[in-house]
Every structure is written in C-alpha cells, then in structure tokens.
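Novice: Can you look at this prediction? I've put the sequence above it.
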Amino acid sequence: MKDTIIRGMAANNQVRFFASYTKELVETARSIHDTSPVATAALGRLLTAGAMMGSMCKNDSDVLTLQIQCSGPINGLTVTANAKAQVKGYANNPQVMLPPSPQGKLDVGKALDLGVLSVIKDIGLKEPYVGQSNLTTGEIAEDLTYYFATSEQIPTSVALGVLMEKDNTVKHAGGFIIQLMPFAEESLISDLEARLQDFSSITTLMDKGMTPEDMMKQLFDGYDIVTTDSITPTYHCNCSKERVYKAVMSVGKAEIEDMIADGEPIEVGCHFCNQKYVFDLDDLKSML
C-alpha cells in the first residue's frame with residue numbers, strides 16, 4: 001500500500017474527513033533519527049497528524065508546526081508541515097526506552113506524560129496564529145481531539161497509529177481526522193459518537209489490509225460518502241547550506257568573531273534531517 005491522504009465529505013456534507021496511510025513517511029523518519037520503538041510511535045503519530053493538518057492549509061505558502069513540550073522522558077517533539085503534505089520532525093530524545101503499557105503496547109502516554117501541545121500556523125499574517133492545550137493522555141490522537149474542541153471549537157475525532165515489525169522497522173502507520181460541520185444534525189452526531197466508540201484500533205484495521213478508503217466506508221456505512229481528492233504525504237526537509245549560513249550569520253558579529261578567533265571550522269547540524277554543514281574560516285570571515 002502506497003502512502004496517501006484522501007480528503008472528502010460524508011453524510012450529505014455534514015462531515016469532512018481526512019484519512020491517511022503513512023508507512024513510508026514514518027519509516028523515513030525512523031531511519032533518519034534512529035528512533036527507539038516508542039519514539040517512532042510518538043513521532044510517527046505526530047508526523048501523520050501534521051501531514052493531514054498541513055493538507056488542510058489553503059495556500060501553498062502556509063506552514064503548520066505541531067510542538068509538544070512535556071515532562072516525560074522523550075522531552076518533547078516538533079513537527080512542521082505544509083499544504084503539500086510535506087512534513088518533517090524530530091523527538092528531543094529519540095532513543096527513549098520504556099517497558100510496554102499494561103495493555104502490552106508501546107507506552108507513548110508514559111513517554112510524553114504531562115505537557116502542552118502548541119499548534120502554530122504561519123499563514124502570511126504579521127504574526128503566526130498560536131493555539132495551545134494541555135496534554136490529556138499523552139497518546140497524541142486524544143490530545144489533538146481535545147485541542148480542536150478547546151482551541152478551534154471544531155467537534156473533531158482524531159485517530160492515529162503506528163505498528164512496528166519485530167526488527168523495529170515500521171509495519172503500518174496512518175490515521176484519520178473527522179470534523180463535523182456547524183449544521184450537523186444531532187442524530188448524526190450521536191450515531192457517529194457510538195460508531196467511533198466501537199471502531200477498531202486503526203493499526204488493527206491497517207494490519208487487515210484496509211486502505212484509508214476502506215476505513216472511511218466502514219465508518220460511514222449507510223451514509224453517502226464522496227472522496228474529493230488525494231495527496232501523497234512525504235518526509236521533506238528544505239534545509240540548505242545557504243539557509244544555515246544565514247542562520248549562523250544571525251547570531252551576531254561578536255559571536256562570529258569568537259568563532260574565527262578559535263581558528264577552527266564549525267559544523268552545524270539540521271535537527272530535522274541530520275544533514276551536517278561545515279563552515280571554514282573563510283566562510284565565517286565572509287559573514288562579517
């Protein structure tokens with residue numbers, strides 16, 4: 001199954017949905033950052049959510065950042081996405097190891113523990129929009145559901161999942177975001193709440209070979225459903241030596257003079273893709 005995000009409407013346009021399969025995206029991130037299984041699950045969920053939320057952006061220039069600051073041993077996560085569902089991210093402690101949860105699953109909630117979820121939208125205004133909510137469970141899907149309800153006042157259901165192979169590579173990853181339109185009828189809301197309560201875990205469905213389309217058809221069985229379009233999510237870092245050069249230059253004249261006085265080239269790494277950039281003394285002098 002290839003990575004994809006489908007977007008559409010259901011129940012006479014009373015609901016909009018985004019459903020995704022993101023195995024390759026999450027495996028790319030795991031490979032870049034050499035994440036432990038629980039860090040792969042946490043980062044993979046946030047990357048999947050970021051790709052879907054990025055695809056909600058109206059303009060190609062819009063940028064969305066999901067940031068989790070937390071007290072758990074993973075020490076926080078950052079994901080950035082754009083309208084093309086190009087996404088990148090990292091965990092502050094990618095090698096965190098924890099015993100399984102009482103249910104025998106990767107304990108993402110324990111890895112995050114208490115904290116704050118921030119959603120930062122840079123949509124070309126003078127200042128970016130920043131919405132925040134407390135982590136409710138640390139399981140990320142529930143935390144995003146709570147964020148949409150409290151910060152954006154949009155009744156939303158978020159499901160996210162990452163399933164690992166025995167060799168700690170990614171077997172399946174994906175998720176969905178379902179949002180009610182303001183005119184949604186009470187009977188539909190009650191029915192959907194009951195269906196979501198009984199809905200199998202998303203990793204179970206993916207492991208049965210179900211596609212994002214299959215999952216949406218099962219969830220909305222009996223209602224009309226229209227898939228409007230699809231997009232391929234990818235792990236993409238837009239760093240370059242030129243961008244990093246400008247970032248180093250921004251530290252100021254005194255700092256750069258100190259670097260030159262040390263007489264050694266400096267190496268700067270990108271958090272998102274681990275690419276290393278070296279600037280020699282001539283580069284540093286040119287920054288002055």
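Specialist: Received it, and whenever you're ready, just let me know what you need.

Novice: what's the distance between the top helix by length along the chain and the middle of its chain?
Specialist: Secondary structure of the chain per DSSP state H: the longest helix is helix 37-54. What separates the centre of helix 37-54 from the centre of its chain is 4 Å, taken as C-alpha atoms, centre = their mean, to the nearest Å.

Novice: Could I have the CA atoms of it written out in CSV?
Specialist: This file holds the C-alpha atoms of helix 37-54, laid out as CSV (Å, rounded to 0.1, in the frame of the first residue of the first chain):
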residue,chain,number,x,y,z
PRO,A,37,10.2,1.9,19.0
VAL,A,38,8.3,4.1,21.5
ALA,A,39,9.9,7.3,20.0
THR,A,40,9.0,6.0,16.5
ALA,A,41,5.4,5.6,17.6
ALA,A,42,5.2,9.0,19.1
LEU,A,43,6.9,10.9,16.3
GLY,A,44,5.1,8.8,13.7
ARG,A,45,1.7,9.7,15.1
LEU,A,46,2.6,13.4,15.2
LEU,A,47,4.0,13.3,11.6
THR,A,48,0.9,11.7,10.4
ALA,A,49,-1.3,14.3,12.1
GLY,A,50,0.9,17.0,10.8
ALA,A,51,0.7,15.8,7.2
MET,A,52,-3.2,15.7,7.4
MET,A,53,-3.4,19.1,9.1
GLY,A,54,-0.9,20.6,6.6
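
Novice: what about it, average pLDDT?
Specialist: For helix 37-54, mean pLDDT is 97.

Novice: Quick one: low-confidence residue ranges for this protein.
Specialist: Within the chain, the set of residues satisfying pLDDT under 70 is empty.

Novice: Just give me how far the strand ranked longest in it sits from the chain centre.
Specialist: Looking across the chain with DSSP state E, the single longest strand is strand 170-180. Put simply, strand 170-180 sits 11 Å off its chain's centre (C-alpha atoms, centre = their mean).

Novice: Tell me what angle the very next helix or strand once past it forms with strand 170-180.
Specialist: For strand 170-180, the following helix or strand on the C-terminal side (DSSP states H and E) is helix 186-198. Relative orientation of helix 186-198 versus strand 170-180 (axes from the mean of the first three to the mean of the last three C-alpha atoms, to 10 degrees): 160 degrees.

Novice: The next helix or strand after the longest helix of the chain - contacts with which helices or strands?
Specialist: Once the chain leaves helix 37-54, the next helix or strand it forms, by DSSP H and E, is strand 63-70. Helices and strands touching strand 63-70, by 3 or more C-beta pairs under 8 Å, 6 or more residues apart in numbering; DSSP states H and E, are helix 37-54, strand 77-82, strand 115-122. Placement of C-beta: from N, CA and C, glycine included.

Novice: Next, format the ones you listed as JSON lines and append mean neighbour count.
Specialist: Formatted as JSON lines, these follow (neighbours: other C-beta atoms under 10 Å):
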{"stretch": "helix 37-54", "mean neighbour count": "28"}
{"stretch": "strand 77-82", "mean neighbour count": "24"}
{"stretch": "strand 115-122", "mean neighbour count": "18"}
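
Novice: Distance to residue 200 for the ones you listed - can I get that in a markdown table?
Specialist: Output for those, formatted as a markdown table (distance: least, C-beta to C-beta, whole Å):
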| stretch | distance to residue 200 |
| --- | --- |
| helix 37-54 | 17 |
| strand 77-82 | 26 |
| strand 115-122 | 25 |
